[in-house]
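Novice: got a sequence here, can you build the structure:
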Amino acid sequence: MYAVLHPPNFAAQVAAQQRPELRKRPFALIDGEPPGEIVFAVNKAARLLGLEVGMTRLQGESFTEVVIVPRVHGEEVSAQTILHTITCMFSPRIEYVEIHPGTYVLDIQGMNTLFGDSAQLAGRLRQRVMSAGFLASVAVSQNFDAALCLALGRTGISVVPPGEEANAMRDLPVRILDLASEHEEIFQAWGIRTCGDLAALSETDLIARIGQAGKRLHSRARGAWPHLMFPIEPSFEESLTERMELDFPVELLEPLLFLLARMTDALLERVKSKARAIALLRVVLRLDGGNRHERIIRPALPLHDKPTLLKLLQLDLETHPPSAAVVSLELHAQSASPYRAQHGLFLPQAPEPGVLEVTLARLRKLLGEERVGSIELKDDHRPNAFRMIPYAPPPPAKSEKPPLSVPTAFRVYRPPQAVGVTLVGNAPARVFWDGQRYAVREIAGPWRVNGQWWSEANWCREEWDVRLATDGVERVCRIAFDPRSRYWYVQGMYD
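Specialist: Prediction:
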């Protein structure tokens, strides 16, 4: 059993969906290189005024009530991706009919356990497509070509019982069979107008007059031509792209975010259909003048929450605004398995990942990219050398038994605290720190370290570990001496 999904006048439907102001007006799409553009598609209102496909742009502009709109291939590609995603929900085997844009054939054999009988499946498929903003016809038949011709020739839902294909196709115009130009002229001269007229002819006589093409056309008119299906299954990640061309350059962020919200919603629908989440969003803005503005939004955890993703987009674009007006948008996504964590009943409640990510984005906007993130130690001889990297939570740690002995912790002071030191025999004997005078009870060192002598960031110092005491108070800390500035300071304290 085959189900065919056909959105009539697909290009005009896409244009009306992307530009809602055209839905109640007659319009025509033009395609080609100027000045040789031709009318590629027209809606019903423009067709009633006399505008036809194939006219030149000059002829189309003579109809003053008709709006002339340039064709945008990227919008049609995005619309085909939406239809492909919907059809994949109803069948694992689909075929795309290239000569009829937006048309898909589904192998629905065995799908009755999930969606009901053929009529119920066709109704649910058509309803799902219409909820996405497209008007479509659906036909179901045991023959591939019969289902295709019925979807092209009839509106609504058509379900053909097995063996009734010839009767169902009897009143369809013969041109629905995609005739060659010479065959169309021959059938017009013979008075063949419908598939029923063609099926009534003798197959032997038809082959004798027009060759083996007559056998194929005769079988297709009766709904009996066998077809070998070529199912397609493009990569899921390739479908996670949304494109939009703008009629006028956009300078303000608010209308830009409105368009990004629609594109993000479409991407979320696709990833949710595969039980996945969005791990990365790449925004490509084409600016007036030919430049590109590209930004990457990488949440710490995969998300499928639309408000959180939109807030991250807003904060990033406010921090890094485009340098000129935007003329087109592209939104690319990467999917990943959604993050799931089992929280304990008696553990403190942690913030939601989305809320934490938005808070970090606000801090990046306020403080700068290089001041927010996680600390990563650098592979450097300089003590405590680190850098900031984007925040990414580690995987949940496995529960382990606590160690028998707790190691000593070193609390680093940032910035280091300046102190005064009295030396006895080139070693610290007394330390003046925070208004107190400490005697050095124990000492270890010195350790002389230096590095990066080849650059302006060169450093050197002498370090001691000391135990200080005064009035019954003891402190164990590390002090250092900088030979260049001749200053003593406390690096940190041992807990």
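Novice: pLDDT below threshold where in the chain?
Specialist: In the predicted model of the chain, residues 233-239, 341-344, 347-353, 380-381, 383-384, 392-408, 452-459 satisfy pLDDT under 70.
Novice: domains for it, by residue range?
Specialist: By the record's domain assignment, the chain is partitioned as 2-60+71-221, 242-336, 410-494 (automatic domain parsing).
Novice: and the first one, how far out from the chain middle?
Specialist: When distances are taken as CA atoms, centre = their mean, to the nearest Å, domain 2-60+71-221 is centred 29 Å away from the chain's centroid.
Novice: just stretch 362-371 next, same as before
Specialist: Put simply, stretch 362-371 sits 25 Å off its chain's centre (CA atoms, centre = their mean).
Novice: which parts of the top helix by length along the chain are buried?
Specialist: When the chain is parsed with DSSP state H, its longest helix is helix 253-273. With burial defined by 16 or more other CB atoms under 10 Å, the residues of helix 253-273 counted as buried are 253, 256-257, 259-261, 263-264, 266-268, 270-271. Any C-beta I mention is one placed from the backbone N, CA and C, and that applies to glycine too.
Novice: need the contact list for the spatially most central residue of the chain.
Specialist: By CA atoms, centre = their mean, the mean C-alpha position of the chain lies nearest to A333, the distance being 2.7 Å. Residues in contact with A333 (CB atoms under 8 Å, 6 or more residues apart in numbering) are 240-241, 267, 271, 278, 280-282.
Novice: now do R430
Specialist: The neighbourhood of R430, defined by CB under 8 Å, 6+ apart, consists of 421-422, 437-440.
Novice: what of P321?
Specialist: By CB under 8 Å, 6+ apart, P321 lies in contact with L253.
Novice: how many neighbours does Y413 have?
Specialist: 13 (other CB atoms under 10 Å).
Novice: of the contacts of R430 - the most surrounded one?
Specialist: Within these, most neighbours by other CB under 10 Å means Y438, with 23 neighbours.
Novice: check which helix or strand that one maps to.
Specialist: Using DSSP states H and E, the element containing Y438 is strand 436-451.
Novice: L468 too?
Specialist: Assigning secondary structure by DSSP H and E places L468 in strand 459-470.
Novice: which other helices and strands contact the helix or strand just after that strand?
Specialist: Per DSSP H and E, strand 459-470 leads on to strand 473-482 as the next helix or strand towards the C-terminus. The elements that strand 473-482 packs onto, with contact taken as 3 or more CB pairs under 8 Å, 6 or more residues apart in numbering; DSSP states H and E, are strand 410-423, strand 436-451, strand 459-470, strand 487-494.
Novice: mind listing what's buried along the last one?
Specialist: Going back to what we said before, that points to strand 487-494. 488-493.
Novice: pick the one among these closest to K365.
Specialist: Of all those, the one with the least separation from K365 (CB to CB) is G492, at 32.2 Å.
Novice: ok now the strand or helix carrying E357, how far from the chain's centre?
Specialist: Here E357 is covered by helix 353-367, with elements defined by DSSP H and E. Here the centre of mass of C-alpha atoms in helix 353-367, compared against the chain's by CA atoms, centre = their mean, lies 21 Å away.
Novice: run through the neighbouring helices and strands of it.
Specialist: For helix 353-367, the helices and strands in contact under the criterion 3+ CB pairs under 8 Å, 6+ apart are helix 306-319.
Novice: beyond the helix it packs on, next helix or strand please.
Specialist: Read in the C-terminal direction, the helix or strand following helix 306-319 is strand 326-336, with elements assigned using DSSP H and E.
Novice: partners of that following strand in the sheet?
Specialist: Strands flanking strand 326-336 in the sheet, each with its direction: strand 241-250 (antiparallel), strand 277-287 (antiparallel) (DSSP bridges).
Novice: now the angle from it to helix 253-273?
Specialist: 30 degrees (axes from the mean of the first three to the mean of the last three CA atoms, to 10 degrees).
Novice: buried sites along strand 326-336?
Specialist: Of the residues in strand 326-336, 326-335 count as buried by neighbour count, 16+ other CB under 10 Å.
Novice: also stretch 125-133?
Specialist: Within stretch 125-133, the residues that qualify as buried by neighbour count (16+ other CB under 10 Å) are 125-126, 128-129.
Novice: ok, the nearest residue in space to V271 that is not next to it in sequence - contacts?
Specialist: Leaving out its chain neighbours, the residue that sits closest to V271 by CB to CB, 6 or more residues apart in numbering is S335, at 4.8 Å. For S335, the residues meeting the contact criterion (CB under 8 Å, 6+ apart) are 236-237, 240, 271, 274, 276-279, 302.
Novice: which among these gets closest to L58?
Specialist: Using CB to CB as the measure, the one of these that approaches L58 most closely is L240, at 40.7 Å.
Novice: any figure for the gap between the closest residue to that closest one other than its chain neighbours and V271?
Specialist: The spatially closest residue to L240, leaving aside those adjacent along the chain, is A333, at 4.1 Å (CB to CB, 6+ apart). Computed as CB to CB, to the nearest Å, the A333 to V271 distance reads 7 Å.
Novice: could you name every residue contacting both of the two?
Specialist: 240, 278.
Novice: beta partners for the residue nearest to V271?
Specialist: Partner residues in beta bridges with S335: I278, with DSSP bridges as the criterion.
Novice: how near is it to A385?
Specialist: With the distance defined as CB to CB, S335 ends up 37 Å from A385.
Novice: next: T103.
Specialist: For T103, the distance to A385 (CB to CB) stands at 62 Å.
Novice: over to L253?
Specialist: Relative to A385, L253 is positioned 39 Å away (CB to CB).
Novice: can you list the residues that contact stretch 200-213?
Specialist: Residues from elsewhere that reach stretch 200-213 (CB under 8 Å, 6+ apart): 180, 183, 186, 192, 214-215, 217-218.
Novice: go again using 6 Å as the cut-off
Specialist: Contacting residues not belonging to stretch 200-213 are listed as 214-215, 218 [CB atoms under 6 Å, 6 or more residues apart in numbering].
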